[in-house]
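> Give me a model of this one.
(one chain, ligands or ions: 1)
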Amino acid sequence: MAAPVGGGFPALEPGAAPYGNFPNYSRFHPPEGRVRLLPAGLLRSLFPAAARPLLGLDVGCNSGELSVALYRHLLGLQEGEGSLDQPAAGKDLNLLCCDIDPLLIERAQQFSPFPASISFANLDIMDSAAREPFLSSYLGRFGRSAFDIGFCMSVTMWIHLNHGDSGLREFLSLLSSLCTYLLIEPQPWKCYRAAARRLRKLGRSDFDHFRSLAINGDMAERITQILTGDCAMELVCCFGSTSWDRSLLLFKSNGSNHEGRESSGQEQ
Ligand SMILES: C[S@@+](CC[C@H](N)C(=O)[O-])C[C@H]1O[C@@H](n2cnc3c(N)ncnc32)[C@H](O)[C@@H]1O
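Residues are numbered from 1 along each chain as shown. Next comes the predicted model:
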């Protein structure tokens, strides 16, 4: 993959984005390439009976372009429509989007067309001390203890490179415990090699874990095995692959951990 740099942000060396926190990422992997794979009416078909607002979590949202595109697409809003925060598709969606990079989050907040429905927050999802109070507080506002749907788009590789095999497992387990449905776009193994190569070109050493990763090869398959084998999720469907060879996989929790978790009377 060409390294996403330049554009409206101060230039950043590609290797200087060790978490995949590329500015202008969406110019290189445009949101449309992902959202067009998702069927219209997806939320209605996943949650036919939901009378309350749906809650979504977008992990690794970068500067928010994909989060906003997902929000529009899932609610059936056209570009330029719905800026009054009045979704049109008969479902109400609140999206919490987080990223480890505070500058990307600042930018997302600055340009958000749906500030009442989409919240952007600076959070390292792997930092349990920061994550737990933050997510509980957000969910508590809705009287909930889990999200209806999670989005993990082009993030797994960065967690894997920075936290190793155990970090990837921990991350997937966390997402499965937090979200009833999980839409995930894993990076294929060739992207790992490209990321390590970029770092070496800058004269830096590999990511700490790169050479020791035992989870490797067909990453979509490996992640599916972990989610279905260890995390009590089932694969609902694959929505196909983007033109840059990443598949979009939808999982559903089949454990009982998401049922009956809402507290009564506080839903908005
Ligand atoms: C390649 S970008 C993907 C952006 C967006 N999801 C998309 O697909 O267009 C990966 C993002 O994950 C974020 N990220 C990496 N590790 C993270 C962590 N531990 N917690 C939160 N965000 C993280 C990076 O800062 C970066 O913005």
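> For the longest helix along the chain, what is the distance to the chain centroid?
Determined from DSSP state H, the single longest helix within the chain is helix 156-178. For helix 156-178, the distance from its own C-alpha centre to the chain's C-alpha centre is 12 Å (C-alpha atoms, centre = their mean, to the nearest Å).
> What's the mean pLDDT across it?
What helix 156-178 shows for mean pLDDT is 97.
> 18 is where my numbering starts, stick with that
Fine by me, first position is 18 from now on; the one you just mentioned is helix 173-195.
> how deep is residue 181 tucked in, by neighbour count?
Using other C-beta atoms under 10 Å, the number of residues around residue 181 comes to 19. (C-beta placed from N, C-alpha, C; glycine too.)
> Please report the distance of it from the ligand.
Going from residue 181 to the ligand by C-beta to the nearest ligand atom, to the nearest Å gives 13 Å.
> Just give the nearest non-adjacent residue to that residue, would you?
residue 226 (3.9 Å; C-beta to C-beta, 6 or more residues apart in numbering).
> Can you get me a residue count around that neighbour?
Considering only other C-beta under 10 Å, residue 226 is surrounded by 16 other residues.
> OK, contacts around residue 85?
48, 129-131, 135 (C-beta atoms under 8 Å, 6 or more residues apart in numbering).
> Out of those, which sit inside helices?
Those of those lying in helices (DSSP H): residue 48.
> Which strands and helices lie in contact with the longest helix of the chain?
When contacts are defined as 3 or more C-beta pairs under 8 Å, 6 or more residues apart in numbering; DSSP states H and E, helix 173-195 sits against strand 164-170, strand 196-202, helix 206-218, helix 236-246.
> State the mean pLDDT of the last one.
If you average the pLDDT over helix 236-246, you get 98.
> Could you do the longest one as well?
For helix 206-218, the mean pLDDT works out to 88.
> what's the angle between it and helix 173-195?
130 degrees (axes from the mean of the first three to the mean of the last three C-alpha atoms, to 10 degrees).
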